[in-house]
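**Q** Kindly return the folded structure for what I paste below:
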Amino acid sequence: MAVEDQSADVPTRSADLVLEGGGVKGIALVGAAVALDEAGWRFERIAGSSAGAIVGSVIAAMQRAGEPLTRADEIMRTLDYSQMEDRRAGLRWLGWAPRVADAWGILFRLGMYEGAYLTDWLRGVLGDLGVRTFADLARDPSAVDVRDRSHLVVSTSDLSRQRLLRIPWDLPEYGVDPDAFPVAVAVRASAGIPFLFEPVRLDGRYGESTLADGSLLETYPVAAFDRQDGEPPRWPSIGVRLSSRASERAPAVPVTGPVSMLRSLIYTTVDSTQIRHVDDPRDAERTIFARPRGVGWTDFDLTPEQQQSLFDDGHAAAQRWIAKHPDGSRGVRGDGGGWRRSRGRLRRRCAAGRTRAR
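**A** Numbers count the residues shown, from 1 in each chain. Below you'll find the predicted structure:
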């Protein structure tokens, strides 16, 4: 007997999707996105940092290819996290002395791991979906402004210029063609945890820039698509966060030497950005808090059960948010202060103008 298709009964609504960074916990982002898709939300634009950039690029490519988002989990499961710790060929023989290999990588390559596996995986997955450069993800190819043209924006940290770099939005400033820039390279740069993975180099107008983890400067780009002209947004922004305070009860890990201290310093710094402003009241209403627990953001030895648990956490969190905001009229505000408040400000400005005119 044929199963009745219920998808026609679900109204389609537009939203911008914003995804927080969080290492391997990013699997929860997939669960949340699938739940939103099941509720009829379609993502006009996607912004992400680190793990959010990985998931966001796959979702954007799937939408471009017309693939059902229910397959996102299946595609993301092909990412073998155990292969993320890929030392360069010359260091693999030092497997018996991993601390020495780590120190050599940091001293001479600025990262313990090459990051080639992630880049190759991204190129393969995105390429299979017809996406190689940002031109392939153009939502409006005729738009002159790259901010209006691009479907995906990826946050990275330009360590050489000490500033946030949003790809492809900021590439024209660097003298780099945004449409020709490889999506896989941008995402790999955004996911490059300092000293853990080798940074990505970008040659541009200002010389060579060293690009690293977007989470250093913008772990949760929730305001990326907010309008700045006081007008209500064309559609809302919905964000998904992975931040939690589970690490407050984490057991102590002894610092045994300079390499161990450097690694702990990196983890402490990035963790602090992950939990910063978790309960910011300005954005809490438009944010799905997945908060997966029991997994660290660099636990690359995830079991299938843990991966399923992360997906379920994100899916359940999104379902709770959808139940609370069934029509999307609350909590999906854009333009900083919310669409209702934006219109209120606009009315007040108009009223003030009329008063001055009199």
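**Q** can I assume P292 sits in a strand?
**A** No - going by DSSP: H, G, I helix; E, B strand; the rest coil, the assignment for P292 is coil, not a strand.
**Q** That one touches D313, doesn't it?
**A** Yes - the pair P292 and D313 passes the contact test of C-beta atoms under 8 Å, sitting 4.3 Å apart. To be clear about C-beta, it is placed using only N, CA and C from the backbone, and glycine gets the same treatment.
**Q** Compare those two (neighbour count), which wins?
**A** P292 (25 against 22; other C-beta atoms under 10 Å).
**Q** does R42 count as helix, strand or coil?
**A** Per three-state DSSP, R42 ends up strand.
**Q** shift numbering so it begins at 2
**A** All set: I'll call the first residue 2, so the last point we hit is now R43.
**Q** In contact with it, which residues?
**A** Counting by C-beta atoms under 8 Å, 6 or more residues apart in numbering, R43 makes contact with 13-16, 64.
**Q** Among these, which one sits closest to A224?
**A** Proximity of these to A224 was ranked by C-beta to C-beta; the top entry is A16 with 14.7 Å.
**Q** what secondary structure does that closest one sit in?
**A** strand.
**Q** Give the residues shared as contacts by P293 and D314.
**A** With C-beta under 8 Å, 6+ apart as the test, P293 and D314 both reach A29.
**Q** quick revisit: only the buried subset of the contacts of R43, as a ChimeraX command please.
**A** The buried subset of the contacts of R43, as determined by 16 or more other C-beta atoms under 10 Å, is captured in ChimeraX by this line:
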select :16,64
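**Q** want to try CSV for the contacts of R43, with distance to A213 and pLDDT as columns?
**A** Formatted as CSV, these follow (distance: C-beta to C-beta, whole Å; pLDDT from 0 to 100):
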residue, distance to A213, pLDDT
T13, 38, 82
R14, 36, 88
S15, 33, 91
A16, 29, 93
Q64, 28, 94
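**Q** host element of the residue lying closest to R78 once chain neighbours are set aside?
**A** Closest residue to R78 apart from its sequence neighbours, by C-beta to C-beta, 6 or more residues apart in numbering: Q308 at 6.7 Å. Using DSSP states H and E, Q308 falls within helix 305-325.
**Q** Against which helices or strands is that helix packed?
**A** Contacts defined by 3 or more C-beta pairs under 8 Å, 6 or more residues apart in numbering; DSSP states H and E place helix 305-325 against helix 28-39, strand 238-242, strand 288-290.
**Q** among the contacts of R43, which two are most distant?
**A** R14 and Q64 (14.4 Å).
**Q** Now do the strands in the stretch 152-301 of the chain.
**A** 153-159, 164-168, 196-198, 201-205, 208-213, 238-242, 288-290 (DSSP state E, counting those that start in this stretch).
**Q** thinking A213 is in contact with P200, fair?
**A** Yes - taking C-beta under 8 Å as the definition, A213 is a contact partner of P200 at 4.9 Å.
**Q** Show me whatever sits in contact with both of those two.
**A** 160, 190, 193.
**Q** Return the subset of those residues lying in helices.
**A** Among the shared contacts of A213 and P200, the members falling in helices (DSSP state H) are A190.
**Q** I'd like the contacts of R43 written out as a markdown table, with distance to F301 added.
**A** Conversion of the contacts of R43 to a markdown table gives the following (distance: C-beta to C-beta, whole Å):
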| residue | distance to F301 |
| --- | --- |
| T13 | 37 |
| R14 | 36 |
| S15 | 36 |
| A16 | 32 |
| Q64 | 28 |
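**Q** that older thread, which of the shared contacts of A213 and P200 sits closest to L80?
**A** Out of these, the member with the shortest distance to L80 (by C-beta to C-beta) is G193, at 15.9 Å.
**Q** The residue nearest to that closest one when sequence neighbours are not counted: neighbour count?
**A** For G193, ignoring the flanking residues on the chain, the nearest one in space by C-beta to C-beta, 6+ apart is A213 at 5.0 Å. Neighbour count for A213, taken as other C-beta under 10 Å: 26.
**Q** before we move on, back to that, list the buried residues of the helix holding Q308.
**A** 307-308, 310-312, 314-316, 318-320, 322-323.
**Q** Strands along the stretch 2-151 of the chain, start to end?
**A** For the stretch 2-151 of the chain, the strands defined by DSSP E, counting those that start in this stretch cover 14-20, 42-50, 112-114.
**Q** With distance to G57 as new columns, can those strands be given to me in CSV?
**A** What follows is the strands of the stretch 2-151 of the chain, written out as CSV (distance: least, C-beta to C-beta, whole Å):
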stretch, distance to G57
strand 14-20, 5
strand 42-50, 3
strand 112-114, 22
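**Q** Show me the one of these that comes nearest F182.
**A** When those are compared (using C-beta to C-beta), the closest one is strand 42-50, at 15.8 Å.
**Q** quick check: angle from that closest one to helix 305-325?
**A** 120 degrees (axes from the mean of the first three to the mean of the last three C-alpha atoms, to 10 degrees).
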